[in-house]
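**Student:** got a structure for you, letters missing:
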């Protein structure tokens, strides 16, 4: 009988060990681990990007980005644009130190909630799986839907060209990526195009562009990675085919 009880006790201990192993850490422990991992990554990131906050909300992680430049309107951001710049951003993180956090989110069957808020109080939101975020660590431009990114940039930046008061618009300014430049077409009447020269466009726009882009050299660097080498301004007569164009490479916009 004693032998039989010893066998039962041994079996019980084995079953208990298996059960404890199967259960692993409690949900509270997992939540705390996720919180700690998110806090560590947040501390690291904020040393360079003070407008980025990463926080855990088990089983998810929130990535909150505050846009601090008036050029950007969150409601005009598209998912391809968000994914492209998120990829470029996380590829600058030292040693891919956010990957362990993504694995914890994946283990918890959570998601990454991206919130991008602008100066006007508007927010762009998107939800990504941990695998999608991990894929962005090594994503090349060919994997980031570059045509859709360029189209999204035309929407995001299309209304952001400052027009000197002397010009009376005869329609809406439009933006497109043409020939390696972000091209703004400014529709005006013939009187505004008749005697306009490239030198005039430089005179009227160079300082405006410098002021608008002075804090955005890193953003321009990422645009260059898309094959966008600067800004071209085109004044177009709405009543004829007459156009006057002037390009502003990034080097001219950012030179002192």
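**Tutor:** In hand now; what should we look at? All of these numbers come straight from a predicted model, not from anything done at the bench.
**Student:** when you work out contacts or count neighbours from here on, use the C-alpha atoms and nothing else.
**Tutor:** Will do.
**Student:** contact partners for residue 54?
**Tutor:** Remark: with contacts taken as C-alpha atoms under 8 Å, 6 or more residues apart in numbering, residue 54 is in contact with 38, 39, 41, 42, 61, 62, 63, 64.
**Student:** cutoff 6 Å now
**Tutor:** Contact analysis of residue 54 by C-alpha atoms under 6 Å, 6 or more residues apart in numbering lists 42, 62, 63.
**Student:** whichever of those residues end up buried, select them in PyMOL.
**Tutor:** PyMOL command restricting those to the buried ones, with burial defined by 16 or more other C-alpha atoms under 10 Å:
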select buried, resi 42+62+63
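**Student:** name the SS class of residue 121, please.
**Tutor:** coil (DSSP: H, G, I helix; E, B strand; the rest coil).
**Student:** where does the stretch 51-200 of the chain dip in pLDDT?
**Tutor:** 94-97 (pLDDT under 70).
**Student:** would you map the helices across it?
**Tutor:** Using DSSP state H, counting those that start in this stretch, the helices of the stretch 51-200 of the chain run over 79-90, 99-107, 130-136, 146-157, 190-193, 198-213.
**Student:** returning to that earlier point: for the contacts of residue 54, which one is nearest residue 177?
**Tutor:** residue 63 (29.5 Å; C-alpha to C-alpha).
**Student:** could you find the closest non-adjacent residue to residue 183?
**Tutor:** Closest residue to residue 183 in three dimensions, ignoring its sequence neighbours and counting by C-alpha to C-alpha, 6 or more residues apart in numbering: residue 232, at 4.6 Å.
**Student:** mean confidence for the host helix or strand of the one you found?
**Tutor:** Of the helices and strands defined by DSSP states H and E, residue 232 is found in strand 230-237. Average pLDDT, strand 230-237: 98.
**Student:** give the pairing partners of that strand; include direction for each.
**Tutor:** Applying DSSP bridges, strand 230-237 is found paired with strand 181-188 (parallel), strand 243-249 (antiparallel).
**Student:** measure how that strand sits relative to helix 198-213, angle-wise.
**Tutor:** Interaxial angle, strand 230-237 versus helix 198-213 (axes from the mean of the first three to the mean of the last three C-alpha atoms, to 10 degrees): 130 degrees.
**Student:** distance check, the spatially most central residue of the chain against residue 170.
**Tutor:** The centroid of the chain falls nearest to residue 85 when counting by C-alpha atoms, centre = their mean (3.4 Å). Spatial separation of residue 85 from residue 170 under the definition C-alpha to C-alpha, to the nearest Å is 34 Å.
**Student:** now distance to residue 227 too, for the helices of the stretch 51-200 of the chain, in JSON lines please.
**Tutor:** Supplementary listing: the helices of the stretch 51-200 of the chain in JSON lines, determined by distance: least, C-alpha to C-alpha, whole Å:
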{"stretch": "helix 79-90", "distance to residue 227": "14"}
{"stretch": "helix 99-107", "distance to residue 227": "29"}
{"stretch": "helix 130-136", "distance to residue 227": "20"}
{"stretch": "helix 146-157", "distance to residue 227": "10"}
{"stretch": "helix 190-193", "distance to residue 227": "29"}
{"stretch": "helix 198-213", "distance to residue 227": "18"}
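**Student:** among those helices, which is nearest residue 122?
**Tutor:** With C-alpha to C-alpha as the measure, helix 146-157 is the member of the helices of the stretch 51-200 of the chain nearest residue 122 (13.5 Å).
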